[in-house]
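Engineer: After the sequence you'll find the predicted model.
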Amino acid sequence: MNSADIRQKFLSFFEGKGHKVVPSAPLVVKNDPTLMFTNAGMNQFKDYFLGNSEPENKRVADTQKCLRVSGKHNDLEEVGIDTYHHTMFEMLGNWSFGDYFKKDAIAWAWELLTEVYGLPKDRLYVTVFGGDKGDNLGFDQDAFDHWKEWISEDRILSADKKDNFWEMGDTGPCGPCSEIHIDLRSEEEVNKLPGKELVNQDHPLVVEIWNLVFMEFNRKADGSLVELPNKHIDTGMGFERLCMAIQKKTSNYDTDVFTPLIKHLEATAKVEYGKDEKIDIALRVIADHIRAISFAIADGQLPSNNKAGYVIRRILRRAVRYGYTFLNLSSPFLYELVDVLANQFDGVFSELKEQQSFVSKVVKEEESNFLRTLENGLKRLEQITSALAQGDQINGKSVFELYDTYGFPVDLTALIAREKGFSIDEAGFEAEMKIQKDRSRQAAAQEKGDWIVVEEGDEVVFTGYEELESNSRLLRYREVKDKKNTIYQLVFEKTPFYAESGGQVGDKGIAIGNEETIQIFDTKKENDLIIHYAKNLPKNLNVEFLLQVDEDKRVRTMNNHSATHLLHAALRNVLGDHVQQRGSLVSPDVLRFDFSHFQKVTEEEIREIEQIVNSRIRQNIKLDEKRNVPIEDAKDAGAMALFGEKYGDFVRVITFDKEYSVELCGGTHVPYTGQIGMFKIISEGSVAAGVRRIEAITGAAALDYFEKELQLLNEVREVLKNPKNLIQGLNGIIEEKNKLAKAVEEANNERSKVVKQQLFDKIESHNGANILAEKVELPDADSLKNIAFQLKNEKGPIVAVIAADIVGKPQIAVVISEDLVNDERNAGQWVRELAKHIKGGGGGQPFFATAGGKDISGLDNAVTEAKKLIKEKL
């Protein structure tokens, strides 16, 4: 049975049990501050478990892309070393939201594994939760009794909280779980030692394949457990491990999930898998990592130096280093695997196939950039370790140097160090990181209290498409503290406040209750909750509030959001259909649009784009807004969906002329494009590999921009005495400036020739070499450098020190012929000593070095010491 059949049989089985098969959520998590990446199948259903929203379907099944590379669920260090851990993996899952519970979940799991997949019953074991005194929880007798109907009691094992109580994080939904393990060892090994002895012992062939979580509790911030409103089922089965079991392999990497990637790498690197352990590890690491890299980029997360982007960059650089060191791949190679992966997953996760060219180009540029510094970084690491004894620790300062200068993530340095028999000083590295801004770390930690319920109610209604104020009641609030401030997060039963989403910033405004006014300074979305941020908590909570959105800011934001849609369409018209949105910011003051494109947008193209957008504004196109459109109908109608966004079964479609701009969007928009006024691009540039950024302004801001430009133009005309032709006037001034600059350069050259001859006349002979130490006046630093090299080339062998007054600034140059350089005659060392006289510093090569300083009065003393130094050392 191949992997595609295994996946489909799972989905078909649960569809037959009344489950709705839903698509995978994107790898990159939005609207949930507790997560960076989707790390479990249940992430997208979190609000159902918490009771924040009602599911459309009580029974759901899917295959979910997951990534575990940071935080509590972090498998990165094991990847490639063993044969069953992965960064990105598929999790097959079935869920019940307040419908069936343990009995059916257990029965169906057993039916699927043994009857559909045909796994041998005598190789399966299950575990149940044994209880925990700290949480005041007892043995899970219900699960045990249900399992007894299908499997003998000696194969039902009790396990502690560590293995059999599933928690998503420090807070949130949780509950006891029951794991299904399979023993894949040979008959001979099984006869020697029963598999039950190896369950949860990290044996590579006695592994967990399915976890049935019985979601009953919510872990609060104080560590206590409270029962959830309804009991739920959340199961997760590792697809890659399941394939290993069904295909009777001893490694996930031997299944057809990974073999296409490994075979391509074998051909590229001219190696054979299974012959050398180091090569095997490298092949497994790369085959694993390209999956995480490719799907993360396809879901909208580009490699960068910040947060989630840095995690993807770390994974990519880890893969490149394995290829470089163990497979001798010194040219880009990862990008070629994107095509293999895209073809393999076409029809399963089609977003990769649809963006195959873009993802490939991003990966190639990223690995090309890292390969340029990798060799130098490895040489530097070799220098650092050559001074250490086996088992020693690389200090934090050196680890930071490799990170900061050569782009080595700290875990990569630790890995290479471990291969060479060293460790790293992680505490020292962290101390160094504190000295400069930690760009990969999340924002300052916050302490969030538990939600305090004011009134019962779960569903939050957004009314902001129709109105800017509404009467409402407060449902819940919580206190959030950081090092400096305390703020309050408020949830109302209905609200006109738009929560930050889709690039559009959240609304600001006020909440008025019982003659008290509370300032709302931001609005954000957390899962499905619309959260209003306030610096003060209302004194009276159980009153009716009047919620009012700041109309001016909302209108300006609407102008910019609609203009962003017009811009997106214009970009595709001018640059091509390859243009896809990669990110956006829509605020009252400016709009920022990131898009896929691999070259600079020319001035001519920018003008054309502006003309198209402004033309559409002048046409005063009416907004066509449709809500609750079935997503497939919307796509069939040509609506553009954004990669990396999670859409429900029904969507909102925003159209400005069905032949021009049709997009899926939840933001706020102008009723007619004429309201935007005008549109002006103020900048265009690169933000990442294959991604360009345009910033633009609209309406009054654009008018202010043009007025300031005209004012500047008029001021230039006045300075130039109002020439008839402004361009000719400016060109005349530039031409005159160039003539003067050339005259100055010629004068400086003549001055340098005179100084050079004066210095040549003062050269002395000492112990078979020419020596010189003099103070001079020169026009610029280049003149000093040129004279120094002319002395070396024309009067060698020579040792010379020139102390120069360069338009009032002191500089010193030391030049020593190569055949005179030794440990005591080193230009770099000498110049550092001499620079102390001018309160400065410098350095360079053993044969040539320079220094600058602040105290010009010290030049004479520097010359005096230089003369002594030369005669003493020569």
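Structural biologist: Thanks, I have the structure now.

Engineer: what's the residue closest to the geometric middle of this protein?
Structural biologist: Taking Cα atoms, centre = their mean, the centroid of the chain lies closest to residue 309, which sits 1.1 Å from it.

Engineer: From residue 582, how far off is it?
Structural biologist: Distance, residue 309 to residue 582, by Cβ to Cβ, to the nearest Å: 12 Å. (Each C-beta comes from the backbone N, C-alpha and C, glycine too.)

Engineer: for residue 374, same thing?
Structural biologist: 26 Å.

Engineer: ok, those two, which is more surrounded?
Structural biologist: residue 582 (25 against 21; other Cβ atoms under 10 Å).

Engineer: helix or strand for that one, which one?
Structural biologist: Element membership for residue 582 (DSSP states H and E) is strand 581-586.

Engineer: angle of the helix or strand just after that strand against strand 581-586?
Structural biologist: Toward the C-terminus, strand 581-586 is succeeded by strand 591-596 as the next helix or strand (DSSP H and E). Interaxial angle of strand 591-596 relative to strand 581-586 (axes from the mean of the first three to the mean of the last three Cα atoms, to 10 degrees): 170 degrees.

Engineer: going forward, begin numbering at 16 instead of 1
Structural biologist: Yep, numbering from 16; the last one is strand 606-611 now.

Engineer: Could you list the buried residues of the helix or strand just after strand 606-611?
Structural biologist: Reading on from strand 606-611 to the C-terminus, the next helix or strand found by DSSP H and E is helix 618-633. Within helix 618-633, the residues that count as buried by 16 or more other Cβ atoms under 10 Å are 620-621, 623-625, 627-629, 631-632.

Engineer: Equivalent analysis for stretch 480-500, please.
Structural biologist: Neighbour counts over stretch 480-500 (16+ other Cβ under 10 Å) mark 483-485, 487-493 as buried.

Engineer: Also stretch 61-73?
Structural biologist: Of the residues in stretch 61-73, 61-65, 67-68, 70, 72-73 count as buried by neighbour count, 16+ other Cβ under 10 Å.

Engineer: Same list as before, the residues you listed that is, but in TSV and with distance to residue 796 and secondary structure included.
Structural biologist: Listed next are the buried residues of stretch 61-73 as TSV, based on distance: Cβ to Cβ, whole Å; DSSP: H, G, I helix; E, B strand; the rest coil:
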residue	distance to residue 796	secondary structure
61	62	helix
62	64	helix
63	69	helix
64	68	helix
65	66	helix
67	66	coil
68	67	coil
70	71	coil
72	73	coil
73	77	coil
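
Engineer: Could you export the buried residues of stretch 480-500 as a markdown table, including distance to residue 229, pLDDT and secondary structure?
Structural biologist: Putting these into a markdown table (distance: Cβ to Cβ, whole Å; pLDDT from 0 to 100; DSSP: H, G, I helix; E, B strand; the rest coil) gives the following:
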| residue | distance to residue 229 | pLDDT | secondary structure |
| --- | --- | --- | --- |
| 483 | 45 | 97 | coil |
| 484 | 45 | 96 | strand |
| 485 | 40 | 96 | strand |
| 487 | 36 | 95 | strand |
| 488 | 34 | 94 | strand |
| 489 | 33 | 94 | strand |
| 490 | 28 | 92 | strand |
| 491 | 26 | 90 | strand |
| 492 | 31 | 92 | strand |
| 493 | 27 | 91 | strand |
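
Engineer: can you name the two of these that are farthest apart?
Structural biologist: 483 and 493 (26.0 Å; Cβ to Cβ).

Engineer: and residue 647, how far is that from residue 76?
Structural biologist: Where residue 76 is concerned, residue 647 sits at a distance of 19 Å (Cβ to Cβ).

Engineer: could you pull out the helices for the stretch 266-415 of the chain?
Structural biologist: Per DSSP state H, counting those that start in this stretch, the stretch 266-415 of the chain carries helices over the ranges 274-284, 292-313, 322-341, 349-359, 365-369, 371-401, 411-421.

Engineer: Over to the stretch 116-265 of the chain?
Structural biologist: In the stretch 116-265 of the chain, the segments counted as helices under DSSP H, counting those that start in this stretch are 117-126, 156-163, 176-179, 202-207, 254-261.

Engineer: Highest mean neighbour count out of these?
Structural biologist: Most buried of the helices of the stretch 116-265 of the chain by mean neighbour count (mean count of other Cβ atoms under 10 Å) is helix 254-261; its value is a mean of 24.

Engineer: Enumerate every residue touching residue 500.
Structural biologist: Residues counted as contacts of residue 500 (Cβ atoms under 8 Å, 6 or more residues apart in numbering) are residue 550.

Engineer: meant to ask about residue 604
Structural biologist: Contacts of residue 604 were listed using Cβ under 8 Å, 6+ apart, and they are 571, 712, 716.

Engineer: Flag every buried residue along the host helix or strand of the second one.
Structural biologist: By that I understand residue 712. Using DSSP H and E, residue 712 sits within strand 706-713. Going by neighbour count (16+ other Cβ under 10 Å), the buried part of strand 706-713 is 706-709, 711-713.

Engineer: quick one: it to helix 618-633, angle?
Structural biologist: Going by the same axes, to 10 degrees, strand 706-713 makes 40 degrees with helix 618-633.

Engineer: Name the surrounding residues that touch strand 706-713.
Structural biologist: Counting by Cβ under 8 Å, 6+ apart, 317, 377, 571, 574-575, 578, 582, 586, 597-598, 604-612, 615-616, 691-702, 720 sit against strand 706-713.

Engineer: so what's residue 302 closest to, chain neighbours aside?
Structural biologist: With Cβ to Cβ, 6 or more residues apart in numbering as the criterion, residue 302 has its nearest non-adjacent residue at 4.1 Å, and that residue is residue 276.

Engineer: Quick one: name whatever helix or strand follows the one helix or strand in the chain whose mean pLDDT sits lowest.
Structural biologist: Least confident helix or strand, the chain: strand 462-463 with a mean of 74, by mean pLDDT, DSSP states H and E. Per DSSP H and E, strand 462-463 leads on to strand 467-468 as the next helix or strand towards the C-terminus.

Engineer: So in that sheet, which strands flank the very next helix or strand once past that next one, and in what orientation?
Structural biologist: Where DSSP H and E defines the elements, the next helix or strand beyond strand 467-468 is strand 476-477. Next to strand 476-477 in the sheet, as set by DSSP bridges, lie strand 509-510 (parallel).

Engineer: From the chain's centroid, how far away is the partner strand?
Structural biologist: Taking Cα atoms, centre = their mean, to the nearest Å, one finds strand 509-510 lying 33 Å from the centre of the chain it belongs to.

Engineer: Run through who's touching that strand.
Structural biologist: By Cβ under 8 Å, 6+ apart, the list of residues contacting strand 509-510 reads 475-479, 485, 487, 538, 545, 547, 562.

Engineer: quick check: mean pLDDT across it?
Structural biologist: Average pLDDT, strand 509-510: 95.

Engineer: and residue 390, how many neighbours?
Structural biologist: 12.

Engineer: now do residue 97
Structural biologist: The local packing of residue 97 (other Cβ under 10 Å) involves 14 other residues.

Engineer: Give me the secondary structure label for it.
Structural biologist: Following DSSP: H, G, I helix; E, B strand; the rest coil, residue 97 is assigned to coil.

Engineer: For the nearest residue to it once chain neighbours are set aside, give me phi and psi.
Structural biologist: Computed as Cβ to Cβ, 6+ apart, the closest residue to residue 97 that is not its neighbour in sequence is residue 219, at 6.0 Å. The phi/psi pair for residue 219 (degrees, to the nearest 10) reads phi -70, psi -20.
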